[in-house]
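[1] Structure for the following, please:
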Amino acid sequence: MRVLFVQNIWREYFGVMYMAAGLRAAGHDVEIRVAPTVAGAVRAVRETRPGLVGFSFTNCEQQYALRAAAAIKQAFPEAVTIAGGPHPTLHPELALRGCFDFVCRGEGEQTIVELADRLDHHADVSDVRNLAFARNRELIANPVRPLIEDLGALPHPWRDGYYRYAFLRNNPVKFFFTGRGCPFGCTFCFNRAFRDIYPNKNEYVRHFSPERIVAEIEEVRARWPVRVIRFEDDVFAMNKPWLRRFLTLYAERIRLPYLCYLRAGESEETIQLLADTGCRTALFGVETGDEARRNQLLCKGVTNEQIEQTAALLRKHRIHFFTSNILALPGEHWADALATLRLNQRLRAPDVWCSIFQPYAGLPITEQAIRDGLLARVDDDVIGANTFADNALRNPDAERIFNLHKFFYPLARWPRLEKILLPLTRWKPNRLFHYFWLIFYVHSYRQHTGVSRRRIALEGLFWFRQFLSTTGTRR
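    Next up is the predicted model:
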């Protein structure tokens, strides 16, 4: 059977690459197409004539996936469509929309191979685990199979489907995961709800062996350009014995600069290990400058002291770092948002990343916002197209906070600009502010990756342009 995966974002999706590798090992043909428009998605189906069309997406891409799947079903009624990824996993009711024949909940490597095998042999698929589907307008959700505990049993992710595109193939920054899962229960993240669907949820956090990851990096480096490695794990330094074994091997055989995500509160021993093995950039979450809100509303479990100590250690060991922050959280006032800015200024963060809170359906923090009367509903029209987009909550200082987001980077880096920029936050949100933000977004990206100006220009042509579309709050 030929399987086509379609998406609108110019980025390698690891879930897709692992499913593609499994499907190919089982004898199926696989195509991957990046189609930013619905018309492009329909054209991809016309060109490849697949029997199964897959969409893997988060909340931000749901509107595209729904529209594209509906158009494909209209043009090719015989094509079987399936949705998977974080958002469909938590919302199997998408199967009632009519555009998806199936929704896959949880890890999809085994499920999609079993589904493709059965479809290929015209066999019954109604008992395939992890699948949800509509029957007589009622939702049927089959049991979820256990997590894959031995990640080493998975084939290497199949990157060739993405690297048919020169833009992705020639990116000097290549992405890798060293494991799966996060043990923490932040209310703004899908991991807690995602973990709870599995019968063996205590095995949610897993790692590939150090040898496996190093072999994968070597394989990629032998075939495609790579100058910087970006580890996408939620918390890269979580398992200290594993980390030391991996980074020792990495320093011996790879010796490329890398980026990783940390949790504030790491020891100096860990920061030293990162510095000694080539860590170029580390990201850690501040989220909000109000410690009580960070730990009570967001359940982050991180103190301001830990954040400041982590910043000091990274600076001491000459690791470039950038912080991630969220503005417009439920109930946030101007003073709260300003506290987030002030904390970043105290950190002397060389790079900052700031998002606008999006009320993704099913998350504890979203349910709290609805209970507090800050949000009437959560549907496709409420969720922004990205985390730099519209502010959907009825916060008292919504517009001013939204403008602060546009000026957050220069204000955090150069506090002396406050006299000029802070008064502008009282203006109506406008496209000029949005373009101003985009300049610093691009500058930040170049800072923490070190990519060339030519590469930055290519990024602008391919997918930075999606950020040009939103300029104000929507409540």
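[2] what's the span of stretch 250-264, first residue to last?
    23 Å (Cα to Cα, to the nearest Å).
[3] Please point out which parts of that stretch sit buried.
    Buried residues in stretch 250-264, counted by 16 or more other Cβ atoms under 10 Å: 250, 254, 257-264. For the C-beta atoms, the positions are set from N, CA and C on the backbone; glycine is no exception.
[4] from the residues you listed, which two are the most distant?
    Using Cβ to Cβ, these span at most 26.5 Å, a distance reached by 254 and 264.
[5] any idea of the mean pLDDT in stretch 16-23?
    Taken as a whole, stretch 16-23 carries a mean pLDDT of 98.
[6] Please apply the same query to stretch 159-173.
    Average pLDDT, stretch 159-173: 97.
[7] With stretch 461-473 instead?
    Averaged across stretch 461-473, the pLDDT comes to 56.
[8] now do stretch 82-99
    The pLDDT scores in stretch 82-99 average 95.
[9] gap between it and the chain center?
    Stretch 82-99 has its C-alpha centroid displaced from the chain centroid by 18 Å (Cα atoms, centre = their mean, to the nearest Å).
[10] May I have the distance across that stretch, first residue to last?
    Note: stretch 82-99 ends 9 Å apart using Cα to Cα.
[11] Do a quick rundown of the helices in the stretch 201-350 of the chain.
    210-223, 240-253, 268-276, 291-296, 304-316, 334-347 (DSSP state H, counting those that start in this stretch).
[12] Of those, which is nearest residue 138?
    helix 291-296 (39.2 Å).
[13] Could you pull up the residues touching the residue positioned nearest the centre of the chain?
    Compute the mean C-alpha point of the chain, and by Cα atoms, centre = their mean the closest residue is residue 58, 7.6 Å away. Applying Cβ atoms under 8 Å, 6 or more residues apart in numbering to residue 58 gives the contacts 85-87.
[14] Which of those residues fall within helices?
    86-87 (DSSP state H).
[15] Considering the contacts of residue 58, which is situated nearest to residue 308?
    Distances from residue 308 to the contacts of residue 58, taken by Cβ to Cβ, are shortest for residue 86, at 31.6 Å.
[16] Pipe the helices of the stretch 201-350 of the chain into CSV and attach distance to residue 157 per row.
    Listed next are these as CSV, based on distance: least, Cβ to Cβ, whole Å:
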stretch, distance to residue 157
helix 210-223, 8
helix 240-253, 18
helix 268-276, 24
helix 291-296, 34
helix 304-316, 30
helix 334-347, 35
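[17] could I get those as a markdown table with mean pLDDT and distance to residue 185?
    Shown next, in a markdown table, are the helices of the stretch 201-350 of the chain (pLDDT from 0 to 100; distance: least, Cβ to Cβ, whole Å):
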| stretch | mean pLDDT | distance to residue 185 |
| --- | --- | --- |
| helix 210-223 | 98 | 26 |
| helix 240-253 | 98 | 21 |
| helix 268-276 | 98 | 22 |
| helix 291-296 | 96 | 12 |
| helix 304-316 | 98 | 17 |
| helix 334-347 | 98 | 21 |
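[18] of all those helices, which lies closest to residue 192?
    helix 291-296 (15.2 Å).
[19] Return the alpha-carbon coordinates of that closest one using CSV.
    Extracted in CSV, the C-alpha atoms of helix 291-296 (Å, rounded to 0.1, in the frame of the first residue of the first chain):
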residue,chain,number,x,y,z
GLU,A,291,7.1,32.4,41.2
ALA,A,292,3.8,31.7,42.9
ARG,A,293,1.9,31.7,39.5
ARG,A,294,4.6,29.5,38.0
ASN,A,295,4.3,26.9,40.6
GLN,A,296,0.6,27.1,41.5
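[20] Identify the spatial nearest neighbour of residue 145, chain neighbours not counted.
    residue 129 (4.2 Å; Cβ to Cβ, 6 or more residues apart in numbering).
[21] same question, residue 409
    Leaving aside its chain neighbours, residue 409 sits nearest to residue 440 (4.0 Å; criterion: Cβ to Cβ, 6+ apart).
[22] Show me where the stretch 251-400 of the chain dips below the pLDDT cut-off.
    Within the stretch 251-400 of the chain, the stretches with pLDDT under 70 are 377-390.
[23] Repeat the analysis, applying 90 as the threshold.
    358-363, 366-368, 370, 374-396 (pLDDT under 90).
[24] Give me the nearest residue to residue 25, chain neighbours excluded.
    residue 155 (5.7 Å).
[25] For that neighbour, give me its contacts.
    Here residue 155 is in contact with 18, 21-22, 25 (criterion: Cβ under 8 Å, 6+ apart).
[26] how much space between residue 263 and residue 151?
    21 Å (Cβ to Cβ, to the nearest Å).
[27] Could you do residue 167 as well?
    29 Å.
[28] try residue 328
    Residue 328 is 37 Å from residue 151, where distance means Cβ to Cβ.
[29] between those two, who's got more neighbours?
    Neighbours were counted for residue 328 and for residue 151 using other Cβ atoms under 10 Å; residue 328 has more, 24 against 17.
[30] Run a quick check on that one versus residue 399, I expect a contact.
    No: checked against Cβ atoms under 8 Å, the pair residue 328 and residue 399 is beyond contact range at 10.1 Å.
[31] Which residues are in contact with each of those two?
    Listed as contacting both residue 328 and residue 399 by Cβ under 8 Å, 6+ apart is no residue at all.
[32] can you tell me which residues contact residue 82?
    Listed by Cβ under 8 Å, 6+ apart, the contact set of residue 82 reads 52-55, 100-104, 112, 115.
[33] Output these in a markdown table, with neighbour count, secondary structure and distance to residue 177 appended to each entry.
    Below are the contacts of residue 82 laid out as a markdown table (neighbours: other Cβ atoms under 10 Å; DSSP: H, G, I helix; E, B strand; the rest coil; distance: Cβ to Cβ, whole Å):
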| residue | neighbour count | secondary structure | distance to residue 177 |
| --- | --- | --- | --- |
| 52 | 23 | strand | 25 |
| 53 | 28 | strand | 25 |
| 54 | 31 | strand | 19 |
| 55 | 29 | strand | 20 |
| 100 | 28 | coil | 26 |
| 101 | 20 | coil | 29 |
| 102 | 26 | strand | 25 |
| 103 | 28 | strand | 23 |
| 104 | 27 | strand | 19 |
| 112 | 30 | helix | 18 |
| 115 | 25 | helix | 24 |
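[34] coming back round to it: for the contacts of residue 155, give me TSV that also has secondary structure.
    Shown next, in TSV, are those (DSSP: H, G, I helix; E, B strand; the rest coil):
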residue	secondary structure
18	helix
21	helix
22	helix
25	helix
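[35] Please identify the one among those that lies nearest to residue 302.
    Closest to residue 302, out of all of the contacts of residue 155 and judged by Cβ to Cβ, is residue 18, at 30.7 Å.
[36] pretty sure the closest one contacts residue 161?
    No: counting by Cβ under 8 Å, residue 18 sits too far from residue 161 to count as a contact (11.7 Å).
[37] Am I right that residue 401 is in contact with residue 395?
    Yes: the criterion here is Cβ under 8 Å, and residue 401 meets it with residue 395 at 6.7 Å.
[38] Touching both of the two, which residues are there?
    The contact sets of residue 401 and residue 395 overlap at 328, 332 (Cβ under 8 Å, 6+ apart).
[39] ok and the helix or strand hosting residue 409 relative to helix 334-347, angle-wise?
    According to DSSP states H and E, residue 409 maps onto helix 398-413. Helix 398-413 and helix 334-347 are oriented at 10 degrees to each other (axes from the mean of the first three to the mean of the last three Cα atoms, to 10 degrees).
[40] Nothing else from me, thank you.
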